[in-house]
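S.K.: no sequence for this one, just the structure:
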């Protein structure tokens with residue numbers, strides 16, 4: 001990632017902040033959705049709110065503030081097709097935990113969805129991952145991925161398209 005392109009670095013900082021926040025709550029969490037608002041706008045429009053959530057007045061000019069949305073346990077697939085964002089939201093981010101199986105394991109997976117989920121959870125070679133995907137209104141993307149058991153900051157995998165299907169679904173919320 002280029003250090004001269006400030007907006008993607010702001011997006012990466014925001015999604016890494018989200019991942020650290022979620023990491024503090026441990027594993028086995030439901031999906032979490034965040035609006036990404038320009039920190040400078042939040043400071044000027046809502047200074048009391050900004051202060052109450054710990055936003056420093058000297059935050060970098062390009063900063064984005066993640067604001068967690070209440071999804072009330074709704075399936076994220078249903079929510080993403082219905083959600084729209086006000087103009088004050090520059091982007092959004094989604095946190096999902098998934099099971100990753102080794103290549104070829106899907107050949108042995110049961111056809112029934114319920115049985116397949118239980119089978120995957122009990123697979124001896126599975127890996128649990130947490131992915132945070134962020135998308136800006138203009139289409140720029142960033143994502144980070146953490147593998148369970150690799151909790152150090154330097155073990156976070158970074159990339160623009162670690163989960164393109166989630167990025168596409170988030171981009172569609174700006175329709």
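M.R.: Cool, got the structure. This one's a predicted model, so the numbers in the text were calculated from it and none came from an experiment.

S.K.: beta partners for residue 68?
M.R.: Beta bridges link residue 68 to residue 34 when assigned by DSSP bridges.

S.K.: Based on its surroundings, how many neighbours for it?
M.R.: 14 (other CB atoms under 10 Å). Backbone N, C-alpha and C define where each C-beta goes, glycine included.

S.K.: Would you mind listing the residues in contact with it?
M.R.: 32-34 (CB atoms under 8 Å, 6 or more residues apart in numbering).

S.K.: so residue 79, which of the three states?
M.R.: Secondary structure of residue 79, reduced to three states by DSSP: H, G, I helix; E, B strand; the rest coil: helix.

S.K.: I meant to write residue 15 there.
M.R.: Taking three-state DSSP, the label given to residue 15 is helix.

S.K.: and it, what does it touch?
M.R.: By CB under 8 Å, 6+ apart, the neighbours of residue 15 are 93, 132-134, 142-144.

S.K.: switch the cut-off to 10 Å
M.R.: By CB atoms under 10 Å, 6 or more residues apart in numbering, the residues touching residue 15 are 34, 36, 64, 66, 91, 93-95, 131-135, 141-144, 156, 158.

S.K.: now residue 157
M.R.: 129, 131, 143-147, 150.

S.K.: for this protein, which spans come out with low pLDDT?
M.R.: Applying pLDDT under 70 to the chain flags the ranges 1-8.

S.K.: Spit out the contact partners of the residue lying farthest from the centre of it.
M.R.: Residue farthest from the centre of the chain, counting by CA atoms, centre = their mean, is residue 108 at 30.3 Å. Residue 108 makes contact with 101, 119, 123, according to CB under 10 Å, 6+ apart.

S.K.: List buried residues within those.
M.R.: Neighbour-count burial (16 or more other CB atoms under 10 Å) applied to those gives 119, 123.

S.K.: Who does the residue nearest the centre of the chain form a beta bridge with?
M.R.: The residue lying closest to the centre of the chain (CA atoms, centre = their mean) is residue 132, at 2.7 Å. For residue 132, the beta-bridge assignment (DSSP bridges) gives partners residue 95, residue 144.

S.K.: I'd assumed residue 141 was in contact with it.
M.R.: No: assessed by CB atoms under 10 Å, residue 132 is found out of contact with residue 141, at 11.4 Å.

S.K.: intersection of neighbour lists for the two?
M.R.: 15, 162-163, 166.

S.K.: Just name the closest of these to residue 52, please.
M.R.: Taking CB to CB as the measure, residue 15 is the one of these closest to residue 52, at 22.8 Å.

S.K.: Could you find the closest non-adjacent residue to residue 22?
M.R.: Among residues not flanking residue 22 along the chain, residue 95 sits closest, at 5.3 Å (CB to CB, 6 or more residues apart in numbering).
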